[in-house]
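S.K.: Predicted model and sequence follow; I will ask about them next.
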Amino acid sequence: MAKEKSVYVCTECGGTSPKWLGKCPSCGAWNTLIEQAASPAAAGGGQNRFGTQFAALAGASDLAVLSEIEASDVARTPTGLDELDRVLGGGIVAGGVTLIGGDPGIGKSTLLLQAVDALQNAGQIALYVTGEESGAQVAMRARRLGLERSQVQVMAEIQLEKILATLDANRPAIAVIDSIQTVYSDQLTSAPGSVAQVRECAAHLTRFAKASGTAVVLVGHVTKEGALAGPRVLEHMVDTVLYFEGDTHSSFRLVRAIKNRFGAVNEIGVFAMTERGLRGVANPSAIFLSQHSEPVPGSVVLVTLEGTRPMLVEIQALVDDGGPSPRRLSVGLERDRLAMLLAVLHRHAGVACMDQDVFVNAVGGVRITEPAADLAVMLAIASSLRGKPLPKGFIAFGEVGLAGEVRPAPRGQERLKEAAKLGFSVAIVPKANAPKKGAIEGLTIHAVERIEQALDAVRSLD
């Protein structure tokens, strides 16, 4: 089979070159030329020189008025793993393409093997394409997971054309490609894992999924910074992007949805790694709370929101005498925001930590990105500096501005109800988040408008 010609296209200006060059001849940018398949008809003109690479990934349709198009919910097939279904928005969608990435050894293959086995047992044809392991290695993992009688079809292959031929012949309900970085196409001369190969293979697999109705799951590698490896356009091609997070030394894993065309984004699923594979954690708040028998200084429970799920996380702070250059270190929270909160604490509440080392940690390895953690972080720092613990059953949340004001957090009522359900009795929250109609049973709420009011409320609880 003769290989098609390829061209090298500049990612900056779109200029082309018949061979690779370090510097783009059109715009002068360095190291921007990447290989792409060229259509045989491109030389004759009249067609896009990129051939089918940028053809529509979704099926074409006739011109229609938006208000006349029938909008109906897409049908979903549950995977059998409740936490994974939560992140996906209810289950897999026919023709949907999902990209899942995570650190090596985090459990991506384990999770997907459990999911496809559950779908196979539910009567859905499942195909697992492995490019990094042999069929025997996949079978060994299945036996460790207790899936000795699994009827999932396994294919050890990395050539795109053979994979597509097998998918077309079998038409499975779901196909897992583990991983997209190992797949290569004969149409390109570059090595598997290169930008051109990843983009070309992902485009063909996406186009097949849309045309056939097979749900395709692509496993992606991540860089040392934690981002998905390969071209950024890979995340734009697919329907859903999931990140598998967690410390490999911990038994808990988080699956987070970054993009989802069929459901809510920023949803998380919590799993525990066991000897028999990954098991969903129904009450994740329990794993992120400490097991102190008595309250300790510097510990505050935060009610954070992950997607639609309120979750309780313990924030710990340690303030200690520092040297000439005090350290500011945060784990699970933004370091720059910590520096800003310390400045606000000093200016508006008179709590100075200029000559102190300040360490802040979110227990359990969870990452907190929402600003509603500000109030809890500041109260934890003040508690550690004073050396006095906050009362038992205490929770807090709220965003703090540079002027010292405490701003409301979204969906405050749900956060308070979650805390009351788990037995918490005292809360300091923004005034705008205080219940408007009636009190929440068992929960004493102190509504504040400024950070100094919050610290005064804490001192009154001593």
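M.R.: Received it, and whenever you're ready, just let me know what you need. Numbering: from 1, shown residues only.
S.K.: and Ile315, how many neighbours?
M.R.: 28 (other CB atoms under 10 Å). Any C-beta I mention is one placed from the backbone N, CA and C, and that applies to glycine too.
S.K.: Quick one: residues contacting it.
M.R.: By CB atoms under 8 Å, 6 or more residues apart in numbering, the residues touching Ile315 are 299-302, 333, 360-363, 368, 373, 376-377, 380.
S.K.: same thing with Ala282?
M.R.: Asp82 are the contacts of Ala282 under CB under 8 Å, 6+ apart.
S.K.: Now Leu254: closest residue in space that isn't a chain neighbour?
M.R.: Leaving aside its chain neighbours, Leu254 sits nearest to Glu245 (4.5 Å; criterion: CB to CB, 6 or more residues apart in numbering).
S.K.: Quick check: the one you found vs Ile177, distance?
M.R.: Going from Glu245 to Ile177 by CB to CB, to the nearest Å gives 21 Å.
S.K.: more crowded one of those two?
M.R.: With neighbours defined as other CB under 10 Å, Glu245 and Ile177 compare such that Ile177 has more, 30 against 19.
S.K.: List the beta-bridge partners for the more buried one.
M.R.: Val129, Leu218 (DSSP bridges).
S.K.: From what I see, it and Val116 are in contact.
M.R.: No. Using CB atoms under 8 Å, Ile177 makes no contact with Val116, being 11.8 Å away.
S.K.: residues contacting Thr369?
M.R.: With CB under 8 Å, 6+ apart, Thr369 has these contacts: Glu334.
S.K.: and it, which of the three is it?
M.R.: Here Thr369 is recorded as coil under DSSP: H, G, I helix; E, B strand; the rest coil.
S.K.: just Asp456 next, same as before
M.R.: helix.
S.K.: Quick check: it vs Arg450, distance?
M.R.: 9 Å.
S.K.: what helices or strands is the longest helix seen in the chain leaning on?
M.R.: As assigned by DSSP state H, the longest helix anywhere in the chain is helix 195-212. Here helix 195-212 touches strand 33-37, strand 97-102, helix 160-170, strand 215-220, helix 233-237, going by 3 or more CB pairs under 8 Å, 6 or more residues apart in numbering; DSSP states H and E.
S.K.: Skip the chain neighbours and tell me the closest residue to Gly226.
M.R.: With sequence-adjacent residues excluded and distances taken as CB to CB, 6+ apart, Gly226 is closest to Asp103, at 7.6 Å.
S.K.: hang on, the one you found packs against His221?
M.R.: No. Taking CB under 8 Å as the definition, Asp103 is not a contact partner of His221, at 9.3 Å.
S.K.: what do the two both touch?
M.R.: By CB under 8 Å, 6+ apart, no residue touches both Asp103 and His221.
S.K.: Run through this protein and note the low-pLDDT ranges.
M.R.: 1-4, 12-14, 38-61, 248, 290-291, 438 (pLDDT under 70).
S.K.: try 50 this time
M.R.: Across the chain, the ranges flagged by pLDDT under 50 are 1, 41-54.
S.K.: if we can go back for a sec, the residue nearest to Leu254: what's it in contact with?
M.R.: Going by CB under 8 Å, 6+ apart, Glu245 touches Gly102, Ile106, Arg253, Leu254, Val255, Arg256, Arg367.
S.K.: Only whichever of the residues you listed are buried, select them in PyMOL.
M.R.: Buried residues among the contacts of Glu245 (16 or more other CB atoms under 10 Å), as a PyMOL selection:
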select buried, resi 102+106+253+254+255+256
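S.K.: on that earlier part again, more neighbours, Asp456 and Arg450?
M.R.: Higher neighbour count among Asp456 and Arg450: Arg450, with 17 against 13, using other CB under 10 Å.
S.K.: my read: that one touches Glu405, true?
M.R.: Yes. The criterion here is CB under 8 Å, and Arg450 meets it with Glu405 at 5.8 Å.
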